[in-house]
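In: Provided below for reference: sequence and predicted model.
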Amino acid sequence: MRALVLFSCVLFLSSCVLGPQPGSPETKVPGAIRGDSAAHGASFGDKAWRQVFTDSSLRSLIERALANNPDLVAATYRIEQARARANSARSDWFPQIGGSAGAAANYGSENAGQTAPGGDRSSESYDLTALLSWELDLWGGIRRSNEAARSRLLEAEYLRDAVKTSLIAAVASAYIELKNLDERLAISKRTAESRQSSLDLVISRRDGGVSSDLDVGQSEALLGQARTAIPITEQAIAAKENEIRFLLGEYPAGVARGGSLDRLESALSIEGGLPSSLLERRPDVAAASQAYQAAVAEIGVSEALRLPSLALTGSGGVISGQLDNLLDSNSAAYTIGPRLAGPIFDAGRGKARVDAAKALAGEALAAHDRAAKLAFREAADSLNAHLKTGEIITEQSRLVAANRKVASVANNRFQGGESSYLEVLDAERSLFNSELELTDARRDRLLAVVQAYRALGGGWK
């Protein structure tokens, strides 16, 4: 009857779980993303990266990055660490069984009274012992520890997904910037060739007495502007290639690419609806949610440590003074029983540990709130950037066409002797700058698509 009563008490106490119940944090979010005017349907952010980045060269680069990037490899190892800690926490549910074996030879001192005068001063002892320890989860500390460990494991997995999404976006962005630099280099070279022809014409006109040395100097200045842009752009191209190779987990070298920005632009576009609920599935927001749940569970662990713990301990085996009868039944010995232990006075250490756990949970809640709001901000910024860069491209295209027409007229007027070369100088500079700004605007529109893809979750599921 006493054993039944004790077992019933243990079961009752084991059903007590201290601390708040872990759960997803409650965060108020707006009903829609600012700037989202699309009909809500199949979302752009649900697509896998292979469906978004269809350029074969870019796909190859992303695949190499996913296979070799050190940050992604490190994130995978962090998952293995979290899984090992979760398995370690799970083992607390089960009895811990150990064993020991020993042998000792003793020689006593007659002068110290350890043996009788003339008696046998030597003795031997041998033992084989099994040890048992099983802590009962009286206050739910073990349960809360397991909940925290599982949440940390999920957090590590979501963080790996966040690293993967960011890596894909980084490679895609760097590739777009590289293609933009290729176009800037092509514009610079084409402009330098055109201006070299203009310089040759101005020199021949000066030699014929039609133009002046001032016209020649101004033409040389125009040529120097274009020629200077060539090595500057080539330097930037080499640096961007090295950046991409670093993202791939490789050493500096060239990067193969094909097609043009036009080809990329036809493949990258935001389609479908963008419901705000999609942001809740961003891996960094999901990781912040798991971090909060783990911190809440750890409050229960800290509270359980303030109360007594009950463990079933025991040892059993064989002990003998002679090795040849160690395994006889008369050598058997054991001890078993419950052990209750707990703090009596700890100068407020336990309470401080609980207070610290609550503060960590508050910090984790604030981090989740920040992650959610940052997600909405990044999504709104990328959608607005995609919209406005489209308008910029339209206006910039008109500006390039106008500047090209002005440059043509200025050159005709100069060759006809109707104006000085200063008009040509201004027109050519405006045309060159507007062409570079147009290709930059096209780059920015593509980058906005990539950032929108990442901000909306990047199809990580």
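Out: The structure has been received and is ready for your questions. Residues are numbered from 1 along each chain as shown.

In: and the residue lying closest to Val424 once chain neighbours are set aside, how many neighbours?
Out: Excluding its sequence neighbours, the residue lying closest to Val424 (C-beta to C-beta, 6 or more residues apart in numbering) is Ala410, at 4.7 Å. (Glycine included, C-beta is placed from N, CA and C.) Residues near Ala410, counting by other C-beta atoms under 10 Å, number 23.

In: In three-state terms, label Ala410 for me.
Out: Three-state call for Ala410 (DSSP: H, G, I helix; E, B strand; the rest coil): helix.

In: Skipping adjacent residues, who's closest to Arg160 in space?
Out: Excluding its sequence neighbours, the residue lying closest to Arg160 (C-beta to C-beta, 6+ apart) is Ala75, at 4.0 Å.

In: Please enumerate residues in contact with the helix or strand that contains that neighbour?
Out: Element membership of Ala75 [criterion: DSSP states H and E] is helix 70-90. Under the criterion C-beta atoms under 8 Å, 6 or more residues apart in numbering, residues 65-66, 142, 145-146, 148-150, 152-153, 155-157, 159-160, 163-164, 167, 249 lie in contact with helix 70-90.

In: Give me the buried positions along it.
Out: 71-72, 75, 78-79, 82-83, 85-86, 89 (16 or more other C-beta atoms under 10 Å).

In: returning to what we had before: ok, so what distance separates the residue nearest to Val424 from Ala427?
Out: Distance of Ala410 to Ala427, given as C-beta to C-beta, to the nearest Å: 4 Å.

In: can you check Gly459 too?
Out: 47 Å.

In: Checking Gly457 next. Helix, strand or coil?
Out: coil.

In: Quick one: mean pLDDT over stretch 311-331.
Out: Here stretch 311-331 scores 87 as its mean pLDDT.

In: Run the chain-centre distance for it.
Out: 56 Å (C-alpha atoms, centre = their mean, to the nearest Å).

In: what about Thr313, which helix or strand?
Out: strand 309-320.

In: Can you give the strand pairings for that strand, parallel or anti for each?
Out: strand 122-136 (antiparallel), strand 332-341 (antiparallel) (DSSP bridges).

In: okay, the ones you listed in a markdown table with mean neighbour count next?
Out: Formatted as a markdown table, the strands paired with strand 309-320 follow (neighbours: other C-beta atoms under 10 Å):
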| stretch | mean neighbour count |
| --- | --- |
| strand 122-136 | 15 |
| strand 332-341 | 10 |
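
In: and the gap between Gly45 and Leu327?
Out: 70 Å.

In: Compare those two (neighbour count), which wins?
Out: Counted by other C-beta under 10 Å, Gly45 and Leu327 do not tie: Gly45 has more neighbours, with 25 against 12.

In: The residue lying closest to the more buried one once chain neighbours are set aside: how many residues sit nearby?
Out: Nearest residue to Gly45, sequence neighbours excluded (C-beta to C-beta, 6+ apart): Leu456, at 2.9 Å. Using other C-beta under 10 Å, Leu456 has 28 neighbouring residues.

In: Touching, Leu456 and Glu280? I think so.
Out: No. Judged on C-beta atoms under 8 Å, Leu456 makes no contact with Glu280 at a distance of 11.1 Å.

In: Is Tyr107 in contact with Glu124, as I believe?
Out: No. In this structure, Tyr107 is not within contact of Glu124 by C-beta under 8 Å, at 10.3 Å.

In: re earlier: so which of the contacts of helix 70-90 belong to helices?
Out: Secondary structure assignment (DSSP state H) places 65-66, 142, 145-146, 148-150, 152-153, 155-157, 159-160, 163-164, 167 from the contacts of helix 70-90 within helices.

In: where does the protein have its least confident helix or strand?
Out: Across the helices and strands of the chain, mean pLDDT, DSSP states H and E gives its lowest value to helix 2-14, namely a mean of 51.

In: next helix or strand past it?
Out: Using DSSP H and E, the first helix or strand after helix 2-14 is helix 49-52.

In: Buried ones in that next one, by neighbour count?
Out: 49, 52.

In: Low-confidence stretches in the stretch 101-250 of the chain?
Out: The stretch 101-250 of the chain contains residues with pLDDT under 70 at 110, 112-119, 121.

In: give the contact list for Ala372.
Out: 27, 29, 279-280, 285, 288 are the contacts of Ala372 under C-beta under 8 Å, 6+ apart.

In: Skip the chain neighbours and tell me the closest residue to Ala169.
Out: In space, and not counting its chain neighbours, Ala169 is closest to Arg454: 3.9 Å by C-beta to C-beta, 6+ apart.

In: Test my guess that that neighbour contacts Val163.
Out: No. Look at Arg454 against Val163 with C-beta under 8 Å: they stay out of range, at 11.6 Å.

In: In terms of neighbours, single out the busier of these two.
Out: Just comparing Arg454 and Val163: by other C-beta under 10 Å the higher neighbour count belongs to Arg454, 25 against 20.

In: Okay, helices next: where are they in the stretch 151-300 of the chain?
Out: 213-247, 261-267, 283-304 (DSSP state H, counting those that start in this stretch).

In: Who are the packing partners of the longest one?
Out: For helix 213-247, the helices and strands in contact under the criterion 3 or more C-beta pairs under 8 Å, 6 or more residues apart in numbering; DSSP states H and E are helix 141-207, helix 421-455.

In: host element of Lys405?
Out: helix 349-415.

In: Please identify which of the strands paired with strand 309-320 is closest to Ala366.
Out: Nearest of those to Ala366, taken as C-beta to C-beta: strand 122-136 at 34.3 Å.

In: got a list of contacts for that closest one?
Out: So strand 122-136 is contacted by 10, 13-14, 92, 94-108, 142, 309-323, 326, 336 (C-beta under 8 Å, 6+ apart).

In: re earlier: got the helices of the stretch 151-300 of the chain as TSV, with distance to Arg404 and mean neighbour count columns?
Out: Formatted as TSV, those follow (distance: least, C-beta to C-beta, whole Å; neighbours: other C-beta atoms under 10 Å):
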stretch	distance to Arg404	mean neighbour count
helix 213-247	15	17
helix 261-267	18	15
helix 283-304	46	24
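
In: Of these, which is nearest Thr389?
Out: Here helix 261-267 is closest among the helices of the stretch 151-300 of the chain (C-beta to C-beta), at 10.9 Å.

In: so for that closest one, what's the average pLDDT?
Out: 66.

In: what residues are up against Ala410?
Out: Contact analysis of Ala410 by C-beta under 8 Å, 6+ apart lists 419, 423-424, 426-428.

In: Over to Gly99?
Out: So Gly99 contacts 128-131 (C-beta under 8 Å, 6+ apart).

In: now the strand or helix carrying it against strand 309-320, angle please.
Out: According to DSSP H and E, Gly99 maps onto strand 96-107. Put simply, strand 96-107 runs at 40 degrees to strand 309-320, going by axes from the mean of the first three to the mean of the last three C-alpha atoms, to 10 degrees.

In: Strand 96-107 - which strands sit beside it in the sheet, and in what orientation?
Out: For strand 96-107, pairing defined by DSSP bridges yields strand 122-136 (antiparallel).

In: Can you dump the C-alpha atoms of the strand it pairs with in PDB for me?
Out: Output in PDB follows, covering the C-alpha atoms of strand 122-136 (Å, rounded to 0.1, in the frame of the first residue of the first chain):
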ATOM      1  CA  SER A 122      47.300  -8.400   4.300                       C
ATOM      2  CA  SER A 123      43.900  -8.700   2.700                       C
ATOM      3  CA  GLU A 124      42.300  -8.500  -0.700                       C
ATOM      4  CA  SER A 125      38.900  -7.300  -2.000                       C
ATOM      5  CA  TYR A 126      37.200  -7.600  -5.400                       C
ATOM      6  CA  ASP A 127      34.000  -6.100  -6.700                       C
ATOM      7  CA  LEU A 128      31.800  -5.900  -9.700                       C
ATOM      8  CA  THR A 129      29.100  -3.200  -9.400                       C
ATOM      9  CA  ALA A 130      26.200  -1.900 -11.500                       C
ATOM     10  CA  LEU A 131      25.000   1.700 -10.800                       C
ATOM     11  CA  LEU A 132      21.500   3.000 -11.500                       C
ATOM     12  CA  SER A 133      20.300   6.600 -11.500                       C
ATOM     13  CA  TRP A 134      16.900   7.700 -12.800                       C
ATOM     14  CA  GLU A 135      15.600  11.200 -12.200                       C
ATOM     15  CA  LEU A 136      11.800  11.500 -12.100                       C
END
